[in-house]
Structures are given as C-alpha cells and as structure tokens.
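Novice: Quick one, what's the 3D model for this:
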Amino acid sequence: REENLPKTSPPLLPTHPANVTKHSAKKDPAASEDVSSGAVLPPPIGSESGFLPSSAPSAVQAASNQRTSAWRQSNRPESGPTASSPPKPHVLAAGPELPFDRALQRFLWGRRLLFEECREFPEAMIRRHIQHGYIQVDRGIELVAGNLMCRRCGNRDEAQFGVYRCARCGQRCHYCRACLSMGVIKACSELLTWSGPPPALDAPRSLKIRWDGRLSDLQQQASAALLEAVRMREDFLIWAVCGAGKTEMLYEAIAFALRSGLRVGVVAPRTDVILELEKRLKRVFSDAAAITLYGDSPNVYADVPLILSTTHQLIRFYRRFDIFFIDEVDAFPFHANPMLAHALRFAGKDGAVHVYLSATPDGRLKRRFLNGELKGYRLPLRYHGKPLPEPRFVWIGDWKKQLDKRRMPEKLARWAAERIARGRPGF
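Specialist: Below is the predicted model of the structure:
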C-alpha cells in the first residue's frame, strides 16, 4: 500500500511561536494574517509551504513541492481532483469516497492525540490520511491573539510555558507545563484528530439492569427526574448527602442512554473513585462493552458505548461523548481547575448533557440550581431516611488552662458522660 510514497517524506516542521513576533516576521506567500494581533502566522500544516521551515532555500523548497505534486499525481483516484488543483488541507476531496483504514478511524475518532501516541499505525499511512483530509493536524502550541495557547489543555498562562532547544526541530521550542503529566507537548508537536466520517457505535441490542436492590421513595423521585432530564437532553444536578445512594439513582438514566446508542462517559476526579464505580457499573451493565481509563490503566482504548475515566484522561478526547455523569464534581483536583474544565468541555459533543453529582456543590452550581437555571434534585436524607448529624459548636471556656491543672472542662465532661451512658460514639 505504501509503494508509491516517496522514499524520503519530508517532516512537518511548523514555524514556532517563539520565532513569530508582531512587528518583525518574515513574510511567507502562504502565510496567513492574524487580524486580531497583527502577527504573521506560519502556513497551515499540510500545505506545500509547510513541509520545510520558512528559512529553507527556495531551490530545496521547489524540489519538495515537486515531489509532493508527483506523489499526489501517482496516488490520485480515477475520478478525484487533479494534481494541478490539490484538495485543501483537512477538507475531504470531492468525488467518490476515498478509502481509509477502519482501525485508524476507530482509534482516532473522538480523540486528540500526539503523533507519538499513534505509533501502532505506520507513519506513511497516517500521512496519507492527512493528505486525503481524513485527519486534521494542529500544532501543539499556537499563537492566539498574540498569546501562546496549548491546543491540548487550553493553557494560556505565560508562566506555565517553558522553552528549550528542541532536538526534533533544532530550534528554541516552547512546551506546556500545565499538562506535562500527560506527556510533553511542544510548538512542533502534531495533534491529530479524525475529521472523516465517524465510525458506527456497536451499541448493545438488549440491555438489562442487573441489580437486585430497591430505591427508596425519595431516590425513586430523583431517578425519575434525572431520567426525564436525560430524555430532554438537559443538564441536571443531584445534590445529595454522603450515603444517599447517588450511584444507584443513575442506573435508569445510564441504561436509557446506552439503549439510545449514545456514547456515555462516567468521570470522577480521583482514581480510587473510578475503580469503585468500575466494580459496580460493569456488573450492573454487563451487556454493554465498557473500558476504564486512568493513569497506568491496563485497559487498551476501544470505541465502546461506556467509558469510565478520571477527569485527567479527558484531555485526550475531542467531541466524542453525548452525555457525562460527573461524580464528586466539587472534589480536588477537578474543582477550580481550568485545565480539567477545558478537558470536560471539549471532550463532549456540542450540546452534550452533563449530570453533576455532589454532596457539597460549589457556589456556581448552587446558584444555577436555586435560580432555576439548572434542573436538579436535592436529597438531604440517607437511604434509611435519617439526616446526617450536624456538628454544634459549644464554648467550654479556657480548656487549655483546665487541662494544665489535669482537669477536664465541665461541659466536656458532661457531654462525654452522656455519650457513654447512651452507648453512642463521640469524636
């Protein structure tokens, strides 16, 4: 399949933001103007002038263009575009559908990955899909309105960027510190996204909720309200105390989404929470294919209906999910983390449904719920119907002085005696 490719395919080396300034930049005929900042941006990745750095000699550039045109001529489909009018980058060519690799489609669709993360596929195959418009390529770090921005995590904080002499491109190259734990991304990095037709989802033909428990009346009300919101594709908040059975309230809504052929994401900030959810949800929805993603996860990625994931892993997704169930939305490290909020926003399709679960929602979610902007259900009772004990503050005087005299403060002594007499625990 690769016999018609040139033996030495020139690499894609975009001009770096570090070398682009507002007032002094070498004009390239294929360069585009950033009207908002006045900066001259490098030509798009995939265009003929983007195969070599803009400082390359014109004779070398002409030879590169000649090889590229020859490659397009020899690989042109019978009724496709001519070599004199090549297809625009990232746009599917007119005419009959060009063949593409199904395994690569299912691997890359709905994700945004570094080129290095796609090494299980031959580089020549990936480059051919880029040329035919099936894969979109973005630079890892770009200039947006005159400021650096990481295309993967959305970081725009100048302090969160570093610069060093890059061995790959041989230039001073910016890299992003904000998402460094997910792998190094630099100005010369290539982010790949599938831009061709989406793959068909292998949705479960029949799905049964395998759970023998029973919801309380209040839990049933919350479950019914959530199911109606999911049917109407509306965001929803379950505001319930610890031990209220929030996970069990999700079963009907998750089942409806899976039966409807939707791509479902169940996410949480911490790995231990995801592992606990995995045990329960994979047992309850054993008819649906599911994988679990977290740091050092043994699971291999697959395009399945149900994905359980930590919020950090969402950074590698792009416009994939139809609905999210977000547990412990108020917890660290998701709370007040702009990078993870960016990941959640871009991992979902336009109009994706977000179901938030929390015992202590933050001020923004509370205001939206109390003002009627966000539908939801508040459950202040646990399964057995008893409220959570609320702490009371009681002034007991100068306790330190009393303890120095080896005496217990009187109020504390009475409280301890009462607890002992009633056989109730005290903290």
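Novice: pLDDT at the residue nearest to residue 100 when sequence neighbours are not counted, what is it?
Specialist: Using C-beta to C-beta, 6 or more residues apart in numbering and skipping the chain neighbours, the partner closest in space to residue 100 is residue 134 (5.1 Å). In short, each C-beta sits where N, CA and C put it, glycine included. The model reports residue 134 with a pLDDT of 96.
Novice: before we move on, what about residue 9?
Specialist: pLDDT, read off for residue 9, is 36.
Novice: cool, the one 4 residues further on as well?
Specialist: Note for residue 13: predicted pLDDT of 36.
Novice: Repeat that for the one 4 residues further on.
Specialist: Residue 17 is assigned a pLDDT of 39 by the prediction.
Novice: Ok, residue 422 next?
Specialist: 89.
Novice: How much space separates it from residue 376?
Specialist: Separation of residue 422 from residue 376 (C-beta to C-beta, to the nearest Å): 37 Å.
Novice: the more surrounded of the two?
Specialist: More neighbours surround residue 376 than the other of residue 422 and residue 376, with 23 against 8 (other C-beta atoms under 10 Å).
Novice: what kind of secondary structure is the more buried one in?
Specialist: For residue 376, the secondary-structure state derived from DSSP: H, G, I helix; E, B strand; the rest coil is strand.
Novice: how about it, what does it touch?
Specialist: 225, 236-239, 356, 369 (C-beta atoms under 8 Å, 6 or more residues apart in numbering).
Novice: from those, which is closest to residue 191?
Specialist: residue 356 (28.7 Å; C-beta to C-beta).
Novice: Just the buried residues of the host helix or strand of that closest one, please?
Specialist: Per DSSP states H and E: residue 356 is located in strand 348-358. In terms of neighbour count (16 or more other C-beta atoms under 10 Å), strand 348-358 has its buried residues at 348-349, 352-358.
Novice: Pick out whichever of those sits closest to residue 129.
Specialist: Among the buried residues of strand 348-358, and counting by C-beta to C-beta, the member closest to residue 129 is residue 349, at 22.1 Å.
Novice: quick one: that closest one from residue 385, how far?
Specialist: For residue 349 relative to residue 385 (C-beta to C-beta), the value is 39 Å.
Novice: re the thing from before, what about the residue nearest to residue 100, distance to residue 99?
Specialist: For residue 134 relative to residue 99 (C-beta to C-beta), the value is 10 Å.
Novice: neighbour count winner among those two?
Specialist: For residue 134 versus residue 99, neighbours defined as other C-beta under 10 Å are more numerous around residue 134 (24 against 11).
Novice: just to revisit the earlier point, isn't the residue nearest to residue 100 right up against residue 198?
Specialist: No: under the criterion of C-beta atoms under 8 Å, residue 134 is not in contact with residue 198, lying 11.5 Å apart.
Novice: pretty sure residue 261 is touching residue 203, no?
Specialist: Yes: Residue 261 lies in contact with residue 203 (C-beta under 8 Å); the separation is 4.3 Å.
Novice: about what we covered before: could you check how far the residue nearest to residue 100 is from residue 117?
Specialist: Taken as C-beta to C-beta, the span from residue 134 to residue 117 is 17 Å.
Novice: quick one: average confidence on the strand holding residue 356?
Specialist: The model assigns strand 348-358 a mean pLDDT of 96.
Novice: what lines up beside that strand in the sheet?
Specialist: Using DSSP bridges, strand 348-358 pairs in its sheet with strand 236-240 (parallel), strand 321-326 (parallel).
Novice: From the contact counts, what lies against the helix or strand encompassing residue 142?
Specialist: Using DSSP H and E, residue 142 maps to strand 141-144. Using 3 or more C-beta pairs under 8 Å, 6 or more residues apart in numbering; DSSP states H and E, the elements in contact with strand 141-144 are strand 147-150, strand 172-176.
Novice: Can you pull up the most central residue in this structure?
Specialist: residue 314 (2.4 Å; C-alpha atoms, centre = their mean).
Novice: In contact with that residue, which residues are there?
Specialist: Residue 314 neighbours (C-beta under 8 Å, 6+ apart): 265, 267, 340, 343-344, 347.
Novice: Show me which of those residues is closest to residue 154.
Specialist: residue 343 (8.0 Å).
Novice: Any stretches of the protein with poor pLDDT?
Specialist: For the chain, the stretches flagged by pLDDT under 70 are 1-98, 427.
Novice: quick one: the helices in the protein?
Specialist: 58-74, 102-108, 123-131, 217-231, 246-249, 251-259, 271-284, 338-347, 363-370, 399-404, 410-422 (DSSP state H).
Novice: So which residues make contact with stretch 209-225?
Specialist: 236, 238, 240, 244-245, 248-253, 255, 283-286, 375-377, 379, 381, 383, 385.
Novice: Nice, that's everything, thank you.
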